[in-house]
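[1] Sequence first, predicted model second:
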Amino acid sequence: MEKGKCLFTGKYLISASANSLFAIEPQTGEEIWRVKFETDVAKRGLAYFKGLIYLPSSSGVYSVDASSGEIKKHYG
């Protein structure tokens, strides 16, 4: 497994792997949500701002709601 960076939103740990973005509850290690993308996503370069995660991919940048995992917008 490739190692990537994770970020902490104040509630969840967020990380990316291959074509997925996922949230983990840090106290229990439970996966809260996972989003699969049609394209490869970067394992580095995640950013968090005002409740949204910004995720670079091979087809642009996605914004994803940090609480629900809902894809909000695709820039690209």
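    Ah, there it is.

[2] Please make it C-alpha for all contacts and neighbour counts, starting now.
    Will do.

[3] what helix or strand is the one residue sitting closest to the centre of the chain on?
    Per C-alpha atoms, centre = their mean, the C-alpha nearest to the average position across the chain is that of Leu21, at 3.8 Å. Taking DSSP states H and E as the criterion, Leu21 maps to strand 20-24.

[4] now the strand or helix carrying Ile14 and strand 20-24, what's the angle there?
    Assigned by DSSP H and E, Ile14 belongs to strand 13-17. For strand 13-17 against strand 20-24, the angle by axes from the mean of the first three to the mean of the last three C-alpha atoms, to 10 degrees is 160 degrees.

[5] And strand 13-17, what does it pack against?
    strand 6-8, strand 20-24 (3 or more C-alpha pairs under 8 Å, 6 or more residues apart in numbering; DSSP states H and E).

[6] Can you tell me what sits against it?
    2, 4-8, 21-26, 41-44, 46 (C-alpha atoms under 8 Å, 6 or more residues apart in numbering).

[7] Run through the strands of the chain in chain order.
    6-8, 13-17, 20-24, 31-36, 47-49, 52-57, 60-65, 71-75 (DSSP state E).

[8] quick revisit: ok and the strand holding Leu21 relative to strand 52-57, angle-wise?
    Using the same axes, to 10 degrees: strand 20-24 against strand 52-57 is 150 degrees.

[9] Strand 20-24 - what's its average pLDDT?
    Mean pLDDT, strand 20-24: 95.

[10] Each with direction, which strands does that strand pair with?
    strand 13-17 (antiparallel), strand 31-36 (antiparallel) (DSSP bridges).

[11] contacting residues around that strand?
    Against strand 20-24 from outside (C-alpha under 8 Å, 6+ apart): 12-16, 30-37, 41, 66, 69.

[12] of all those, which comes closest to Gly60?
    The closest of these to Gly60 turns out to be Val41 (C-alpha to C-alpha; 9.2 Å).

[13] need the contact list for the closest residue in space to that closest one that isn't next to it in sequence.
    The shortest distance from Val41 to any non-neighbouring residue, by C-alpha to C-alpha, 6 or more residues apart in numbering, is to Ser57 (4.0 Å). By C-alpha under 8 Å, 6+ apart, Ser57 lies in contact with 39-42.
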